[in-house]
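S.K.: Coordinates only, no sequence provided:
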Ligand SMILES: Cc1cc2nc3c(=O)[nH]c(=O)nc-3n(C[C@H](O)[C@H](O)[C@H](O)COP(=O)(O)O)c2cc1C
């Protein structure tokens, strides 16, 4: 039997999904934000999007610099995901606080997170106003991948009731 669920509560029952660290730079200052709202928008051109609330410090930085880097995270980066998702770059150097190392990108000024196994350099081609988050659509410029990395790792996130819970990618169940 099913019954009507309040919309927010219903959506929180969506399956677990990845989280990402998004890094940026504006006027010489670096910042990082934890993001769950990430999506592929196009294969050719290669476009990915991130949903950022305009109240975030990161929002203005990305809007003005028109660049961002998507950094994939695994369980080893969970502390960093928490720091970057629970504090603002307005009054904190999150690279320092989260023990992360900024390294230079090749096509963008935004720094890559060295500790992340996969960094995706993007230039903003469009900003889409939706509701309480705006979507920055970025064209992928360059991808950096760690060699000899176990790609079965990965950090996932799920809302359960009012709290969020982090998981690691688990056992393979099927094949496509
Ligand atoms: C697991 C997780 C997922 C998040 N996803 C998003 C998101 O998709 N968009 C967003 O704007 N904020 C998201 N946040 C909240 C921001 O990371 C948080 O408000 C952060 O402190 C903003 O930092 P800033 O002020 O330096 O930009 C998320 C936080 C967590 C912990």
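M.R.: Arrived safely, thanks for sending. Computed from a prediction, not measured in an experiment: that's the story for all the values here.
S.K.: now residue 54, nearest residue through space, not along the chain?
M.R.: The shortest distance from residue 54 to any non-neighbouring residue, by C-beta to C-beta, 6 or more residues apart in numbering, is to residue 134 (6.0 Å). Just so you know, the C-beta spots here come from the backbone N, C-alpha and C atoms, and that holds for glycine as well.
S.K.: tally of neighbours for that neighbour?
M.R.: Neighbourhood size, residue 134 [other C-beta atoms under 10 Å]: 18.
S.K.: Was I right to think it contacts residue 50?
M.R.: No. The criterion here is C-beta atoms under 8 Å, and residue 134 misses it with residue 50 at 9.5 Å.
S.K.: Is there proximity between stretch 30-37 and the ligand?
M.R.: Yes. Counting by C-beta under 6 Å from any ligand atom, contacts between stretch 30-37 and the ligand involve 31, 33, 34, 35, 36, 37.
S.K.: Report the beta-bridge partners for the closest residue to the last one other than its chain neighbours.
M.R.: So that's residue 37. Once flanking residues are discounted, residue 37 sits nearest to residue 51: 3.1 Å by C-beta to C-beta, 6+ apart. With DSSP bridges applied, residue 51 shows beta-bridge pairing to residue 135.
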